[in-house]
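S.K.: here is a sequence with its predicted model. Questions after.
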Amino acid sequence: MVTEFILLGFGPGPWIHIMLFGLCSLFYTFTLLGNGVILGLIWLDLRLHTPMYFFLSHLAIVDIAYACNTVPQMLVNLLDPAKPISFAGCMTQTFLFLTFGHTECLLLVAMSYDRFVAICYPLHYLAIMGSRICITLLVTSWTCGSLLALVHVSLILRLPFCGPRKINHFFCELLSVLKLACADTRLNLVVIFAVSVFILVGPLCLVLVSYSRILIAIHRIQSGEGRRKAFFTCSSHLCVVGLFFGSAIFMYMAPKSHHPEEQQKILFLFYSFFNPMLNPLIYSLRNTEVKGALGREIQKERSA
């Protein structure tokens, strides 16, 4: 029975590994710094203590957790490709990756609902989006995300692994681990597809419905300044939704013949690495409130 796995990562060649190590280390640092700045600004600036930034802060936490779950192991493998990962460590990595992925899907739905209420029912916004509903949406997102991940891992643990032990990926990705099982995995694949429909297609439809209503409401706004502010606030969220759901649906629901294993690694790198790095850039560069909060904190430091 297999007690440890070897992650093959990216192709052979020490120069490729050194180049990837430098680039990934740089991007990893940007990911932690960008999301850390978002968290710090929301914590320090009272003007950002609103439901929108409450959900944004937890999105930043998920993005940091994403990167910390997969990138350090990938950097270790780039320096020492033969270094194995234990079976328990591999299952833990798979569970955490799925938990954070599912939770981010549901958080993006909660954020779209928040924008829907803010633009379509502005006079009742604070009454509808009170602390109770925000905490309920947050707890539901984390609970559903972890329970669905537990279902996947439980189904993997019932399978025997008798060799080979080389995973053709840079982390313990669900589908790549299943390929090494010495038993029928059709049940696992059916559950993966069903959960993908539930956690990707369902939330994406809810987001699209919310934003179709939002676009209608923005069109009815008489003030040009108000229309422009509402559009820029929502466009940031739409950029994140497009990047996240587009790459996730393509990976888990498109026919596998359309993207071979090496191309799949690049997609997962984008999904689990570049998305967390880009999210704070999207929200900070396209959001005047975040840029204003950053300017105020810099001014405080200079005056101090």
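M.R.: Yep, it's here. In this text the structure is predicted, and so the values were computed from the model without any measurement. Residues are numbered from 1 along each chain as shown.
S.K.: which strand or helix spans Gly40?
M.R.: Secondary-structure element containing Gly40, defined by DSSP states H and E: helix 14-44.
S.K.: packing partners for that helix?
M.R.: The contact analysis (3 or more CB pairs under 8 Å, 6 or more residues apart in numbering; DSSP states H and E) places helix 14-44 against helix 51-79, helix 275-285, helix 288-303. Where you see a C-beta, it was placed from the backbone N, CA and C, and this is true even at glycine.
S.K.: indicate which one of the ones you listed is closest to Leu138.
M.R.: Counting by CB to CB, Leu138 lies closest to helix 51-79 out of the helices and strands packed on helix 14-44; the figure is 6.1 Å.
S.K.: sorry, back to before: can I get the helices and strands packed on helix 14-44 in JSON lines including mean pLDDT and mean neighbour count?
M.R.: JSON lines is the format used below for the helices and strands packed on helix 14-44 (pLDDT from 0 to 100; neighbours: other CB atoms under 10 Å):
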{"stretch": "helix 51-79", "mean pLDDT": "88", "mean neighbour count": "21"}
{"stretch": "helix 275-285", "mean pLDDT": "74", "mean neighbour count": "20"}
{"stretch": "helix 288-303", "mean pLDDT": "74", "mean neighbour count": "13"}
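S.K.: what about the ones you listed, which gets the closest to Gly224?
M.R.: Ranking the helices and strands packed on helix 14-44 by proximity to Gly224 (CB to CB) places helix 288-303 first, at 15.8 Å.
S.K.: packing partners of that closest one?
M.R.: Packed next to helix 288-303, using 3+ CB pairs under 8 Å, 6+ apart, are helix 14-44, helix 275-285.
S.K.: give the helix, strand or coil label for the closest residue to Ala82 other than its chain neighbours.
M.R.: The shortest distance from Ala82 to any residue other than its chain neighbours is 6.7 Å, reached at Ile6 (CB to CB, 6 or more residues apart in numbering). Three-state assignment for Ile6 (DSSP: H, G, I helix; E, B strand; the rest coil): strand.
S.K.: now do the contacts for Ile6.
M.R.: Contacts of Ile6 were listed using CB atoms under 8 Å, 6 or more residues apart in numbering, and they are Pro81, Ala82, Lys83, Pro84, Ile85, Arg165, Lys166, Ile167.
S.K.: that one and Gly224: what is the separation?
M.R.: Plainly put, Ile6 is 59 Å away from Gly224 if you go by CB to CB, to the nearest Å.
S.K.: cool, and Ser235?
M.R.: Distance, Ser235 to Gly224, by CB to CB: 16 Å.
S.K.: kindly report the same for Cys234.
M.R.: As for Cys234, its distance to Gly224 is 16 Å (criterion: CB to CB).
S.K.: okay, the two: which has more neighbours?
M.R.: Using other CB atoms under 10 Å, the more surrounded residue of Cys234 and Gly224 is Cys234, with 21 against 8.
S.K.: my guess is His102 contacts Phe198, does it?
M.R.: No: judged on CB atoms under 8 Å, His102 makes no contact with Phe198 at a distance of 9.4 Å.
S.K.: what sits in contact with each of these two?
M.R.: With CB under 8 Å, 6+ apart as the test, His102 and Phe198 both reach Leu148.
S.K.: neighbour-wise, which of these two wins?
M.R.: Between His102 and Phe198, counting by other CB under 10 Å, His102 is the more crowded of the two (24 against 14).
S.K.: related to what we said a few turns ago, could the helices and strands packed on helix 288-303 be laid out in JSON lines, adding distance to Met52?
M.R.: Shown next, in JSON lines, are the helices and strands packed on helix 288-303 (distance: least, CB to CB, whole Å):
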{"stretch": "helix 14-44", "distance to Met52": "10"}
{"stretch": "helix 275-285", "distance to Met52": "10"}
